[in-house]
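**Q** here you go, sequence then predicted model.
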Amino acid sequence: MTEDKLAAYPRTQLLQVPTPLYRLEGLSRLFRLPVFIKRDDLTGVGAGGNKARKLEYLLADARQHGVQCVVSGGGIQSNHAAMVAVCAHRIGVDCHLALVEAVPVKSSFYDEGGNIAIDRLCGARIRRFPADRDPNEYVALVSREIEEAEGRAPYQIPMGGSNGTGALGYVRAAIEYARQVDGCAEAIDTVLLPSGSAGTQAGLIVGLALAGLEQSVIGVSVLHTEANLRALVLALCERLADMLGLTGVDWNERISIADGYVGPGYGLPTRETWESIRKLIATDAVICDPVYTGKALHGLLT
């Protein structure tokens, strides 16, 4: 019955799922308790990561509305923007990106390499903006300009894919995870993840409730204060609950935020972040990134 509630919402299948859930043997020995990892970097789409799950629903919604052009945005090296470019290219949809100078890093590689190179390989049209506004405001600006120039309204995908439609991807992921947990010999009582634009955390919270799985979901903030991130997660939990017909749940009490690992700012890892990344490589040969999962890992290790 859990997946029946999702059936009302169209989905473009992009992923190879389920992604693996397995015990980190080295880290478990270090902690002397079981530690598991859900490898959503192994979705089979682009460079992996959480954005593809959201885009399955967002791009399907765009298609359902007959839209053949999408606009999204984020920082210059945004993983989300790159995944929008990859997935839109795969299904033959035009992609425009509004990218903001959100991280105070200046180098030729940062400006032209990495995800920017991926964006261009996928044919995305890029506009760059100063970091004086929320990226979603620039997404709206670019969308208006396209509509005025071409007479067509593009589909706007918010930063991180974090609206109700996008967060459905992590409701589905939570149901997938609940099935995998059923097969684990050891109990898992807490989920810890990096949380930025709130969609992944909200989707997991609501999805676990839908699956009847009582686990704490802790979001390690990579950007916001506890109060600001809590408000974003709560709003999305309530939106998802409305979409899926879930009532009688106090979503606020299910939200846990740790905001002590942001460091000097978004996209700026600390020495402890790098040490945490190095430790997981040494114990289990798993590589975290310094912007998101590395900060969550730092939170786990301390």
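**A** Everything's here; your move.
**Q** in contact with residue 29: list those residues for me.
**A** Going by Cβ atoms under 8 Å, 6 or more residues apart in numbering, residue 29 touches residue 283. To be clear about C-beta, it is placed using only N, CA and C from the backbone, and glycine gets the same treatment.
**Q** from the centroid of the chain, which residue is nearest?
**A** For the chain, the residue nearest the mean C-alpha position is residue 50 (4.2 Å; Cα atoms, centre = their mean).
**Q** now it. Nearest residue, chain neighbours left out?
**A** Among residues not flanking residue 50 along the chain, residue 200 sits closest, at 5.0 Å (Cβ to Cβ, 6 or more residues apart in numbering).
**Q** quick check: the residue nearest to the centre of the chain vs residue 27, distance?
**A** In this view, residue 50 and residue 27 are 21 Å apart by Cβ to Cβ, to the nearest Å.
**Q** hmm, back to that, give me the three-state assignment for the residue nearest to residue 50.
**A** Secondary structure assignment for residue 200 (DSSP: H, G, I helix; E, B strand; the rest coil): helix.
**Q** so which bits of stretch 231-249 are buried?
**A** For stretch 231-249, the neighbour count (16 or more other Cβ atoms under 10 Å) marks 232-234, 236-241, 243-244, 246 as buried.
**Q** point out where the protein drops to low pLDDT.
**A** Under the criterion of pLDDT under 70, the regions of the chain flagged as low confidence span 1-2.
**Q** which parts of it are helices?
**A** Taking DSSP state H as the test, the helices found in the chain are 25-31, 51-64, 79-91, 108-112, 114-121, 135-150, 164-182, 199-211, 226-244, 271-284, 293-301.
**Q** neighbours around residue 51, how many?
**A** Around residue 51 there are 32 other residues, counting by other Cβ atoms under 10 Å.
**Q** quick check: it touching residue 84?
**A** Yes: between residue 51 and residue 84 there is a contact at 7.4 Å, judged by Cβ atoms under 8 Å.
**Q** which non-adjacent residue is nearest residue 297?
**A** Counting by Cβ to Cβ, 6+ apart, the nearest residue to residue 297 once its immediate chain neighbours are dropped is residue 276, at 4.5 Å.
**Q** make that residue 170, sorry
**A** The shortest distance from residue 170 to any residue other than its chain neighbours is 2.5 Å, reached at residue 203 (Cβ to Cβ, 6+ apart).
**Q** surely that neighbour meets residue 177?
**A** No: taking Cβ under 8 Å as the definition, residue 203 is not a contact partner of residue 177, at 11.0 Å.
**Q** more neighbours: which of these two?
**A** Neighbours per residue, other Cβ under 10 Å: of residue 203 and residue 177, the larger number sits with residue 203, 29 against 25.
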